[in-house]
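**Student:** Structure for this input, please:
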Amino acid sequence: MNEELQNINKLSDSQLVEYFQDGVIARATGSDFNNQLYIEVRKKLLENKNIDELLPEWIKTKRTIDQFWTFIKGGYSTYQERRDFLWNEFAPLLNYLETKTTSPLDESIVFDEVHIHNQWQKALDRKQTEPEGAITLARTLIESILKHILDEQNIEYNDAADLPELYKEVAKSLNLAPENHQEQIFKQILGGSSSIVSGLGALRNKLGDAHGKSKKSIKPSERHSELAVNLAGTMAIFLFKTFKEAAKNN
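**Tutor:** Residues are numbered from 1 along each chain as shown. Below you'll find the predicted structure:
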């Protein structure tokens, strides 16, 4: 046991998550996972603040292997259901740790704002199977980055403000308003950026899952959600990098 505990200390973050995932799947499907190992690996995962928001919520409350067993046995009756649940629970975290290519936001945002990466990953995961949810999450991604920029600059705003209003404040602070530029091409691009943000808000209200729908409501397809998610990612990158550049120059 001591040797196995020592080996755990040599594992990378992704290897540690895989080790834990394999252990709980084993316990969930009739095999053993030593309680001391469960406790030690769980402790290491919780101490890693870089992955805190990507950890499955149940890890934070199930402190022993017996508590986990009671939780998984009560929630899922078959081995396959338990495997599927646990694979899905760890997928966003393992994608983040192993590939660092789950979204174009990884390079520019994730290392500082894990919660924004988490929103993006959820949108990517849902764009095919739950297009309405992906559209709503794409809109939330933009809202998060806009509010983050305003918070970092100590600019007050109405927390219930819609996307165009938030974007207007950010554009003003980062000199992104089209009227502040003389070159026609920049005025056109920045005007388009404003339209994209407004469009994402409107698309979410029309096709997202945040509001009740009538029988006549349009149901979005994967191409609609893919458009929303990709536009949200592109705008988030642009806004975040513009903010970082402005902060560097001040």
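**Student:** ok, then the element right after the lowest-mean-pLDDT helix or strand in the chain?
**Tutor:** Taking mean pLDDT, DSSP states H and E as the measure, the chain has helix 114-126 as its least confident helix or strand, at a mean of 68. Using DSSP states H and E, the helix or strand that directly follows helix 114-126 along the chain is helix 131-152.
**Student:** Following element in sequence after that next one, please.
**Tutor:** Next helix or strand after helix 131-152 toward the C-terminus (DSSP H and E): helix 163-173.
**Student:** what pLDDT, on average, does that following helix get?
**Tutor:** For helix 163-173, mean pLDDT rounds to 91.
**Student:** got it, and stretch 184-195?
**Tutor:** Stretch 184-195 comes out at a mean pLDDT of 76.
**Student:** for stretch 87-105, same thing?
**Tutor:** On average, stretch 87-105 scores 69.
**Student:** swap in stretch 51-59?
**Tutor:** Averaged across stretch 51-59, the pLDDT comes to 87.
**Student:** Identify each buried residue in it, please.
**Tutor:** Ile51, Leu54, Leu55, Pro56, Trp58, Ile59 (16 or more other C-beta atoms under 10 Å). The C-beta positions use only the backbone N, C-alpha and C, and glycine is treated the same way.
**Student:** looking at it, Phe243 is touching Asp151, isn't it?
**Tutor:** No. Applying C-beta atoms under 8 Å, one finds Phe243 not in contact with Asp151, separated by 11.0 Å.
**Student:** higher neighbour count, these two?
**Tutor:** Shown here are Phe243 and Asp151; by other C-beta atoms under 10 Å, Phe243 has more neighbours (20 against 11).
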